[in-house]
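Colleague: Show me the folded form of this:
(one chain, ligands or ions: 1)
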Amino acid sequence: MLLNSIIISFVIILIIYKFLLYPKLRLIQIKRKYGDKIKVIHHYGPGLLVEYKKSYTQNKDSLSFLRQMAYQNGKSIQAYAFNIGTNVGYSFVDPELIKQVHQNHDAFQKIDVSQAIAYLFSNSLLFATGKSWQKQRQFLGKSFHYDEIKNYFPSIKDICLKVSDRISEELIQNPNKEIKVVKTCEQITSEVVFRAFFGATSENIFISTENGSTKIPISQELVSVIMDSFRILQQSKLIQLKSQLLKRKTFNIFPLKEEKKLLNRLITLKQACKNIVLKRKEELVSDPSLYKKNFIDLYLKEIIQNSNNEITIEEIVDNFCALFFAGTDTTGNMTGAALYFLSLNPKIQQEAREEVMQIIKQKANSSDLKDIYNYLSFEDLTKLDLINSILKESLRLLPPASGVLPRISNRDIKIGQFEVKKGDLVNTHFIYHQSNPEVYENQDQFNPYRWMKGKEQNNAFNFTPFSLGPRNCIGQHLAMIEGKCILINFLINFDIMPIPQKQVQYEMKVIYGLQPDDLVYFRKRNN
Ligand code: HEM
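Modeller: Predicted coordinates for the structure are as follows:
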């Protein structure tokens, strides 16, 4: 009995120390050591997550605390320190220190931001480390070369056209339909990744839902299960605590009802993806002439023809999930935000439309809008300076990845003068300099002209929406090409207008983006 009381008291003291005292004391120590070079954000328990919530409630922008920090401190601070649960972390904002973090990427391991992410992506490029990462990056890198992406261009154009045709039909029924800008773009970007990976349209590949009564597209279930994993984590303190303490074992040790349900969905989803890969493998073994230029066939060719037995079916499936996750919402949010900003700036919108028309109309001898769009060539994309600058300006103001995924340090390491300890969290927050008035004049204004005619900022590390260094975004060319195709298609077909009474907010969910999403009206254009 006495022993039990002692053990319980010990556990309580340990929890209080780990969750409450240790983070507070470390942050006091950090502030004392680095003074004005660092800001400290401390909240007991969820720590930095409380700051996100507070900023959202007070200023309708989850990251307003960072924008304000940049406004007040400019280039004078190099990092901010924070706590989350039992961990203390550094978020670097100084370009030189950001560079150091990314050059030393081996010193940091991405953490599991949710159980679904860990379950779905652990064998993928996104989470691989060391030699495995190098091999995967080399293998996948070839397919993301600018020249290789040219192969996907016809398919991207075709997907954009289908979506704009659908919207045109809907507008006939309801001309005042409110358009969900990000969702609409995501319908395109998800289909692009799906087709690039599987060579088939996602519309025909279904999965049974929990009770088995209905079937939904696999791509929809992938998005939904990831969102649900974040939702249950945000809603349940118990699940948060379990995840902190048990990490990846949380699903196996005393799983709660919500966790069991989520795990079952994840297992079903992965099995369905695995079945597609195995079926395709059988087809290619029996008839090698079926090989196409898509990711699944490239992987299987490597296994079947080049006898590369290091590539596993799990790696292929995890990479599908990771590319889908990394490529869909991000690109959808970038382009959706650009459409929203264009709705607020009709003069820039008209100029962008004229830029597009000038380049394509020279070739098209038709006034039919569909014909005009069909004449768009891959080479034209590099000539559209304003379109390119509109996307860059959207990425500056509202970067879908406001920083890199949080990492944990696997050894003691010095970044600049800051001594990062093994086990500390580390990330780099691009949004700080992207909204810093010392770097960008009128930092809150949507001004794509600041990027035109190659006008870049003198320090490339001030604008890094795709991150930088060896682990930068592998899909950045694809993302920009998709974004341009979507903008061009919509500018040709529609006038984009704001819905005056809508109050827009910037929310940090899995991605940093617009909330709500139904923000514009489209009016069909005739010429
Ligand atoms: C506007 C769109 C996009 C943005 C803003 C974006 C941003 C980023 C950022 C910031 C990183 C670094 C993450 C980190 O290190 O924690 C990253 C990595 C990555 N991105 Fe993107 N991304 C976009 C589109 C895409 C697309 C279209 C794909 C592929 C279909 C893609 C695939 C990846 C992959 C696989 C990585 C991990 C690379 C590695 O670790 O070697 N991304 N992206």
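
Colleague: Quick check, central residue of the chain?
Modeller: Ranked by distance to the mean C-alpha position of the chain (Cα atoms, centre = their mean), the top residue is T330 at 3.9 Å.

Colleague: Can you give me the buried ones in the helix or strand harbouring that residue?
Modeller: Using DSSP states H and E, T330 maps to helix 313-344. For helix 313-344, the neighbour count (16 or more other Cβ atoms under 10 Å) marks 313, 315-343 as buried. Backbone N, C-alpha and C define where each C-beta goes, glycine included.

Colleague: how about the residue of the stretch 251-400 of the chain found nearest the ligand, what does it touch?
Modeller: Residue nearest to the ligand within the stretch 251-400 of the chain (Cβ to the nearest ligand atom): G327, separated by 2.7 Å. With contact taken as Cβ atoms under 8 Å, 6 or more residues apart in numbering, G327 is in contact with 189, 192-193, 475, 478-479.

Colleague: For those, which single residue is the most surrounded?
Modeller: T189 (28 neighbours; other Cβ atoms under 10 Å).

Colleague: Can you tell me what sits against the strand or helix carrying that one?
Modeller: Secondary structure assignment for T189, by DSSP H and E: helix 181-198. For helix 181-198, the surrounding residues in contact (Cβ under 8 Å, 6+ apart) are 152, 155-156, 159-160, 163, 167, 200-202, 205, 219, 223, 276, 294-296, 320, 323-324, 327-329, 331-333, 335-337, 339-340, 478, 482, 486, 513-514, 517-520.

Colleague: angle of the host helix or strand of D165 against helix 181-198?
Modeller: Applying DSSP H and E as the criterion places D165 in helix 153-173. Interaxial angle of helix 153-173 relative to helix 181-198 (axes from the mean of the first three to the mean of the last three Cα atoms, to 10 degrees): 150 degrees.

Colleague: And helix 153-173, what's buried?
Modeller: Under the neighbour-count criterion of 16+ other Cβ under 10 Å, helix 153-173 has 153, 155-157, 159-161, 163-164, 167-168, 171 buried.

Colleague: With stretch 411-418 instead?
Modeller: Per 16+ other Cβ under 10 Å, stretch 411-418 contains these buried residues: 413, 415, 418.

Colleague: Pipe those into TSV and attach distance to the ligand and secondary structure per row.
Modeller: Shown next, in TSV, are the buried residues of stretch 411-418 (distance: Cβ to the nearest ligand atom, whole Å; DSSP: H, G, I helix; E, B strand; the rest coil):
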residue	distance to the ligand	secondary structure
I413	17	strand
I415	16	strand
F418	19	strand
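
Colleague: Save those residues as JSON lines, and put in pLDDT and distance to L120 too.
Modeller: JSON lines is the format used below for those (pLDDT from 0 to 100; distance: Cβ to Cβ, whole Å):
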{"residue": "I413", "pLDDT": "98", "distance to L120": "29"}
{"residue": "I415", "pLDDT": "97", "distance to L120": "30"}
{"residue": "F418", "pLDDT": "97", "distance to L120": "33"}
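
Colleague: Now render these as a markdown table, adding distance to V40.
Modeller: Converted to a markdown table, those look like this (distance: Cβ to Cβ, whole Å):
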| residue | distance to V40 |
| --- | --- |
| I413 | 20 |
| I415 | 17 |
| F418 | 13 |
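
Colleague: and the stretch 401-527 of the chain, which residues reach the ligand?
Modeller: By the rule Cβ under 6 Å from any ligand atom, the part of the stretch 401-527 of the chain lying against the ligand is 401, 404-405, 465-467, 471, 473-475, 478-479.

Colleague: Just the ones of those residues in helices?
Modeller: Mapping those onto helices (DSSP state H) picks out 478-479.

Colleague: Tell me the residues of the stretch 251-400 of the chain that contact the ligand?
Modeller: So the stretch 251-400 of the chain meets the ligand at 322-323, 326-327, 330-331, 334, 400 (Cβ under 6 Å from any ligand atom).

Colleague: give me that answer again for 8 Å
Modeller: 319, 322-324, 326-328, 330-331, 333-335, 395, 399-400 (Cβ under 8 Å from any ligand atom).

Colleague: thinking again about what came up before, just the CA atoms of the helix holding D165, as CSV, please.
Modeller: Extracted C-alpha coordinates of helix 153-173, given in CSV (Å, rounded to 0.1, in the frame of the first residue of the first chain):
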residue,chain,number,x,y,z
PHE,A,153,1.4,18.7,-69.0
PRO,A,154,-1.3,17.3,-71.4
SER,A,155,-2.9,15.5,-68.5
ILE,A,156,-2.8,18.6,-66.2
LYS,A,157,-4.4,20.7,-69.0
ASP,A,158,-7.1,18.0,-69.5
ILE,A,159,-7.9,17.9,-65.8
CYS,A,160,-8.2,21.7,-65.6
LEU,A,161,-10.5,21.7,-68.6
LYS,A,162,-12.8,19.1,-67.1
VAL,A,163,-13.2,21.1,-63.9
SER,A,164,-13.8,24.5,-65.7
ASP,A,165,-16.4,22.7,-68.0
ARG,A,166,-18.1,21.4,-64.9
ILE,A,167,-18.1,24.9,-63.3
SER,A,168,-19.5,26.4,-66.5
GLU,A,169,-22.4,24.0,-66.5
GLU,A,170,-23.1,24.6,-62.8
LEU,A,171,-23.1,28.4,-63.4
ILE,A,172,-25.9,27.9,-66.0
GLN,A,173,-28.1,26.4,-63.2
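
Colleague: List the contacts of whichever residue of the chain sits closest to the ligand.
Modeller: Of all residues in the chain, the one sitting closest to the ligand is G475 (2.1 Å; Cβ to the nearest ligand atom). Counting by Cβ under 8 Å, 6+ apart, G475 touches 144, 323, 326-327, 331.
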